[in-house]
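Colleague: Next input, structure requested:
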Amino acid sequence: MSGLIQQLNNIGIPQENIIKVTFYLIAAVTCFFALRIVISRNVFHRALFLALTLIGVACVYLYLGAEYLAVMQILIYVGAIVALFVFVIMLTTKIQNRAIRQLNSQVLISVVVTSALLCLLISIIRTSPWHKPVLPPAGLLNISQLGRSLALNYVLPFEVVSLILLAALVGAIAIGKAKKE
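Modeller: So this is what the prediction gives:
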């Protein structure tokens, strides 16, 4: 990767522009897959798009220099939890039945709540003072400092993903639950 950056830098493209374009590209692809989770009608495809979204989040972790978090993201979320979702979906009977409604009938309220949350997030992002987290130099990081960093600096991404996974798990249970007749 550094060889490609060096070649582009030799052409005359500044390194900071290359890094910014790379980040925005990763973020755009991740957002695209997240949007596909929401608009896809096939539950199996949703699980695959979830895996691709989580891989995109791992790429953001790599971009931020948190290699350990990226590896854990891939191993735990993509490797274990998404695989579990795929097995649940495949083992659930009648998941592809055309009689089962695939769309939510509460689209209007969903759009209103989502728009309100988006406006709230944008206002928080715009008014927050951003600073770089203080980490020890590379090679001096021990497990105690890593745990402290996870609990202080990187807790929000993990909590958001865990809430999304919990909602997906509840949805899988609701879909898989056999109706008593």
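Colleague: show me the contacts for residue 146.
Modeller: Contacts for residue 146 were tallied using C-beta atoms under 8 Å, 6 or more residues apart in numbering; they are residue 68. C-beta coordinates here come from the backbone N, C-alpha and C atoms, glycine included.
Colleague: Show me the shaky parts of the protein.
Modeller: 1-9, 93-104, 133-141, 143, 176-181 (pLDDT under 70).
Colleague: Determine how far whichever helix in it runs longest lies from the middle of the whole chain.
Modeller: Secondary structure of the chain read by DSSP state H shows that its longest helix is helix 15-39. The chain centroid and the centroid of helix 15-39 are separated by 11 Å under C-alpha atoms, centre = their mean, to the nearest Å.
Colleague: next helix or strand past that helix?
Modeller: Using DSSP states H and E, the helix or strand that follows helix 15-39 in sequence is helix 43-63.
Colleague: and that following helix, what does it pack onto?
Modeller: Helices and strands touching helix 43-63, by 3 or more C-beta pairs under 8 Å, 6 or more residues apart in numbering; DSSP states H and E, are helix 15-39, helix 67-72, helix 83-91, helix 155-176.
Colleague: buried sites along it?
Modeller: Of all the residues in helix 43-63, those buried under the rule 16 or more other C-beta atoms under 10 Å are 43, 46-62.
Colleague: what does it rub up against?
Modeller: Contacts to helix 43-63, defined as C-beta under 8 Å, 6+ apart, come from residues 22-23, 26-27, 29-30, 33-34, 36-37, 40, 67, 69-71, 73-74, 77-78, 82, 85-86, 89-90, 95, 157, 161, 168, 175.
Colleague: relative to helix 83-91, how tilted is it?
Modeller: Relative orientation of helix 43-63 and helix 83-91, computed by axes from the mean of the first three to the mean of the last three C-alpha atoms, to 10 degrees: 170 degrees.
Colleague: Run the angle between helix 43-63 and helix 15-39 for me.
Modeller: Counting by the same axes, to 10 degrees, helix 43-63 lies at 160 degrees to helix 15-39.
Colleague: Restricting to C-alpha, output helix 43-63 in CSV.
Modeller: The C-alpha trace of helix 43-63 is given here as CSV (Å, rounded to 0.1, in the frame of the first residue of the first chain):
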residue,chain,number,x,y,z
VAL,A,43,-33.3,-11.6,4.5
PHE,A,44,-30.3,-13.7,3.4
HIS,A,45,-29.0,-10.8,1.3
ARG,A,46,-29.4,-8.6,4.3
ALA,A,47,-27.1,-10.8,6.4
LEU,A,48,-24.5,-10.7,3.6
PHE,A,49,-24.7,-7.0,3.4
LEU,A,50,-24.3,-6.8,7.2
ALA,A,51,-21.1,-8.8,6.8
LEU,A,52,-19.8,-6.4,4.1
THR,A,53,-20.8,-3.4,6.3
LEU,A,54,-18.9,-4.8,9.2
ILE,A,55,-15.9,-5.5,7.0
GLY,A,56,-16.1,-1.8,6.0
VAL,A,57,-16.1,-0.8,9.7
ALA,A,58,-13.0,-3.0,10.1
CYS,A,59,-11.3,-1.1,7.2
VAL,A,60,-12.1,2.2,9.1
TYR,A,61,-10.4,0.7,12.1
LEU,A,62,-7.4,-0.1,10.0
TYR,A,63,-7.4,3.4,8.6
